[in-house]
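Undergrad: just to be clear, the model below is a prediction. Sequence and coordinates:
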Amino acid sequence: KTDSASHIRILDELVSELEQKRGMPVGHTKFNAMIETPDAFFRIHEIVKAADRIVSASIGGEDLALECGFQPTGEALLYPKQHMIIAASAAGVMPIGFIDSVAGFGDWDNFRRMVRRSRDFGFMGASCIHPGQGAIVNEEYTPGPEEVAYARKLIAADDEAKKQGRGSFAMDGKMVDIPIIVRAQRLLARYKAIEAREAKALAAAKG
């Protein structure tokens, strides 16, 4: 939870000193910048760029809603969360969380739909408050087989179009140009990174 870029920089210095004392590489410890106050919200662009060890940003919806006097509903939090996603993207850090409140977890089907919708808005991961949420979050934030296959199809078609000197082409009744190809490339990169992390975790578990 942070209110300003200067707060992050102070913490960055303190953690760097602790890392050095413990023989750890400086920067080993990563930060998630959580925005939970009105002041922090209006400084979010500075906050997410305040230290290289910041890897993600999120909105503390319940706290921000309390401080602002509105209810922590998806509708009320839509603007601050979208703003955070844009600011995080501009800084090159991951926007994490959900588009709606995480407090309600009794209806798992509804929770899954909400996580899927959150990914459509640009969230790339989330923390959970209940063990039952973990599997759903991992599944929904991981590109599915159909998405991966379609991304590969797009990239293959783009390669063929380039050979013909074309910068855009039609596929499945839709125009395909650079933003769509870049999105497909990023999806595949994300999928490969998740696969690599899972393989590393499996190898570590086997000893």
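TA: All right, it came through fine. Residues are numbered from 1 along each chain as shown.

Undergrad: what is the mean pLDDT for the helix ranked longest in the chain?
TA: Under DSSP state H, the helix in the chain containing the largest number of residues is helix 178-206. In this model, helix 178-206 has an average pLDDT of 89.

Undergrad: go through that helix and flag the buried ones.
TA: 180-181, 184, 187-188, 190-191 (16 or more other CB atoms under 10 Å). Every C-beta, even on glycine, is put in place using the N, C-alpha and C of the backbone.

Undergrad: which stretches in the chain count as strands?
TA: 31-35, 54-59, 94-95, 169-171, 174-176 (DSSP state E).

Undergrad: still on that earlier bit, which neighbouring elements make contact with the longest helix of the chain?
TA: When contacts are defined as 3 or more CB pairs under 8 Å, 6 or more residues apart in numbering; DSSP states H and E, helix 178-206 packs onto helix 145-163.

Undergrad: who touches the residue nearest in space to the middle of the chain in this structure?
TA: In the chain, the C-alpha closest to the average C-alpha coordinate belongs to residue 124, at a distance of 2.7 Å (CA atoms, centre = their mean). When contacts are counted by CB atoms under 8 Å, 6 or more residues apart in numbering, residue 124 is found next to 56, 94-96, 141, 190.

Undergrad: distance of it relative to residue 107?
TA: For residue 124, the distance to residue 107 (CB to CB, to the nearest Å) stands at 24 Å.

Undergrad: just residue 203 next, same as before
TA: 36 Å.

Undergrad: repeat for residue 72
TA: In terms of CB to CB, residue 72 sits 17 Å off from residue 107.

Undergrad: filter the contacts of residue 124 to the buried ones?
TA: 56, 94-96, 141, 190.

Undergrad: can you put those in a markdown table and add distance to residue 163?
TA: Converted to a markdown table, the buried ones among the contacts of residue 124 look like this (distance: CB to CB, whole Å):
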| residue | distance to residue 163 |
| --- | --- |
| 56 | 39 |
| 94 | 35 |
| 95 | 36 |
| 96 | 39 |
| 141 | 35 |
| 190 | 27 |
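
Undergrad: show me where pLDDT drops low in this protein?
TA: Along the chain, the parts satisfying pLDDT under 70 run over 103-105.

Undergrad: try it again at 80.
TA: By pLDDT under 80, the weakly predicted segments of the chain are 101-106, 207.

Undergrad: before we move on, the earlier item: what is the orientation angle of the longest helix of the chain with helix 145-163?
TA: Helix 178-206 and helix 145-163 meet at an angle of 130 degrees, taking axes from the mean of the first three to the mean of the last three CA atoms, to 10 degrees as the criterion.

Undergrad: returning to what we had before: closest one to residue 63 out of the contacts of residue 124, please.
TA: Lowest distance from residue 63 to these (CB to CB) belongs to residue 96, with 15.8 Å.

Undergrad: mind listing what the closest one touches?
TA: So residue 96 contacts 32, 56-58, 123-127 (CB under 8 Å, 6+ apart).
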